[in-house]
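Participant: Return a 3D structure for these sequence lines:
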Amino acid sequence: MKPTTLVLTLFSVFTQGQDCVDRVGEIFEDLIVGIGNNSIYSPSLEISNEEGSVAYFSDHTVIIEMKLINLFCGHENFDDKIAYILGHELAHHYLSHTWMANTGLGYSSSIGNFIEENSTMYSKDQRKLSESQADLFAGFYGKISGYNTLVNAKQTIKDVYEAYQLPKEIIGYPSYDERLEIIDSKIDNANDLAMIFEIGNVLLLGGEYGLSKYCYEFILRDRFNSREIYNNLGLAYLLYGVSISEPSLSRLLFPVSIDQSTRAEVNLTRSASFTDNPTEMFKSALKQFEKAKSLDSKYQPALQNKLVTEFLLLKGYKSRSNFIKTHKNLNSQSSADFKVINMIMDGRAEKKIKKAAKRGSKISALNLIEAQSPTTDYDSLLKKLELSPMDLIMNSSKKIGNSKIKASTINKIQIFDYKDLYIIKIPEQFLNNPSFDVVKSNFIKTNKGLYILYNSN
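Facilitator: Presented below is the predicted three-dimensional model:
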């Protein structure tokens, strides 16, 4: 090889290696943002040139070895494999697995010494439970952050054990085979949780507040919570409360914010039921927004929704006007939006409302229009998807995990259902079809795709 060629080759290798290091940092930040729990101090990331521990968590720092980065650098699934390792380490931090501190995630042979010294404090079953929780954590957070972590986890472990020549049996710690079994057992669980959250968002946007509430609470009951889940659960209460209010309020649009990407942290929540009392629904909504805020005091969607809820809990035009004037978090446009809403609720003159609306956003303009629900010929739409109502009714679907939501596929179209309600995901091949252009505005759009809600009743 000529010297120039050698230099270029070495430079190329160095550049690729640096790109991979940079990418590790980006993946780490994606996961931290994905977790989104600022109530717990976020750990830092460190790249180590040592070659014995693979990756581990110590002193509020996730440490990953350069050898490991080089092992996967250039692989097609580099991001997913690194996300699994980082997500697993972050789990031990956020789930308070203190026994893992200063050890190497079960990859390093040196962990055997640590376990032997602490064998009376933690049983093997406890360690297996911790590893199982960490894999589910990595799978769920990886999934909602855009990484297929658990799908690539088994190959990741196989590659690491081979490259580091690690023993497959460590006394007191899950064996190599047990680690693979744990991954298999958590793949469906992580996917189910992510799917239930997406369905909850579709239902919330589609006005099915009761069932969307169920979806969010299902995830919370599975010991995952997050600022976004609490925010969206609060919205289910808030929007349901609006929907059962008097017409002067129920027809209005409010500057609320739904978050369609989630982060999770282990905890429990109590369930509450909808009532026919709007005020009680607003109070329940406020509690959920406060919970979201407790996880992240600067989380803007919850702060915005909390403000709307506080406004709706006020009685009378004057008290709401004072709220608008004195609230420090309202800019001029938002103030105008709230003024228009307040004037409509109080039955003020149309001329004055229109004047105030000029200073507001699109929300004010829309609130001046008598809202009419868009009409869609859903039976005709089903035909365009090569489906029929009978296809949906007679289709054999299976429950998602132990939830009451079912899932199935007909002609490669994803369908979710509960009783007479069907959530149909529009396949990509239909999106460019001109015959759908007329009804596209009535589709429910999330960052995962387009959906329609079809009620067979």
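Participant: any low-confidence regions in the chain?
Facilitator: The model of the chain has pLDDT under 70 over residues 1-17, 36, 39, 97-123, 259-272, 370-376, 431, 433-442.
Participant: show me where this structure has strands.
Facilitator: Listed from the start of the chain, the chain has strands (DSSP state E) covering 44-48, 55-58, 61-65, 398-399, 406-410, 413-418, 421-425, 444-446, 449-455.
Participant: Same list (those strands) but as CSV, adding distance to A138.
Facilitator: All C-beta atoms are positioned from the backbone trio N, CA, C, and that covers glycine. What follows is the strands of the chain, written out as CSV (distance: least, Cβ to Cβ, whole Å):
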stretch, distance to A138
strand 44-48, 15
strand 55-58, 12
strand 61-65, 12
strand 398-399, 24
strand 406-410, 23
strand 413-418, 25
strand 421-425, 26
strand 444-446, 23
strand 449-455, 24
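Participant: Nearest to D79, out of these?
Facilitator: strand 61-65 (13.8 Å; Cβ to Cβ).
Participant: and the gap between the closest residue to R127 other than its chain neighbours and S96?
Facilitator: Leaving aside its chain neighbours, R127 sits nearest to Y173 (5.7 Å; criterion: Cβ to Cβ, 6 or more residues apart in numbering). As for Y173, its distance to S96 is 19 Å (criterion: Cβ to Cβ, to the nearest Å).
Participant: quick one: which of the two has more around it?
Facilitator: Y173 (19 against 12; other Cβ atoms under 10 Å).
Participant: So the more buried one sits against S130, correct?
Facilitator: No: using Cβ atoms under 8 Å, Y173 is not in contact with S130; the gap is 10.3 Å.
Participant: how much space between the residue nearest to R127 and K67?
Facilitator: For Y173, the distance to K67 - Cβ to Cβ - is 22 Å.
Participant: Next, give phi and psi for the residue nearest to R127.
Facilitator: Per-residue torsions, Y173: phi -130, psi 150 (degrees, to the nearest 10).
Participant: Tell me which residues touch the residue nearest to L45 when sequence neighbours are not counted, please.
Facilitator: Leaving aside its sequence neighbours, L45 sits nearest to F28 (Cβ to Cβ, 6+ apart; 4.7 Å). Going by Cβ atoms under 8 Å, 6 or more residues apart in numbering, F28 touches L45, V62, L86.
Participant: Could I get the contacting residues of the second one?
Facilitator: For V62, the contact set (Cβ under 8 Å, 6+ apart) comprises F28, P43, S44, L45, E46, A55, Y56, L86, E89, L90, H93.
Participant: Going by distance to L453, which of these wins?
Facilitator: Checking these against L453 with Cβ to Cβ, the nearest one is L90 at 35.7 Å.
Participant: quick one, domains of this protein?
Facilitator: 3-186, 193-367, 378-455 (automatic domain parsing).
Participant: hey, where'd the helices end up in the stretch 201-350 of the chain?
Facilitator: 209-221, 227-243, 247-250, 278-295, 300-313, 317-326, 332-346, 350-357 (DSSP state H, counting those that start in this stretch).
Participant: For S248, see how far away L129 is.
Facilitator: From L129 to S248 the distance is 54 Å (Cβ to Cβ).
Participant: same check, this time on D30
Facilitator: On the measure of Cβ to Cβ, D30 and S248 end up 44 Å apart.
Participant: Between the two, which has more neighbouring residues?
Facilitator: Each of D30 and S248 has its neighbours counted (other Cβ under 10 Å); D30 has more, 19 against 12.
Participant: Please name the residues that touch that one.
Facilitator: A83, S145, G146, Y147.
Participant: neighbours around E217, how many?
Facilitator: E217, neighbours per other Cβ under 10 Å, totals 18.
Participant: got it, and the one 10 residues further on?
Facilitator: Neighbours of R227 under the rule other Cβ under 10 Å: 28.
Participant: wait, doesn't it sit right on N37?
Facilitator: Yes: the pair R227 / N37 is scored as a contact, 7.2 Å apart, by Cβ under 8 Å.
Participant: I82 reaches V24, doesn't it?
Facilitator: Yes: using Cβ under 8 Å, I82 is in contact with V24, at 5.6 Å.
Participant: Please enumerate the shared neighbours of the two.
Facilitator: I64, I69.
Participant: Who has more neighbours out of the two?
Facilitator: I82 (28 against 24).
Participant: contacting residues around that one?
Facilitator: Contacts here follow Cβ under 8 Å, 6+ apart; on that basis I82 touches R23, V24, I27, I64, I69, F72.
Participant: measure the second one to I63 for me?
Facilitator: Counting by Cβ to Cβ, the gap between V24 and I63 amounts to 12 Å.
Participant: Name the residues contacting each of those two.
Facilitator: What both V24 and I63 touch, as defined by Cβ under 8 Å, 6+ apart, is the set I47.
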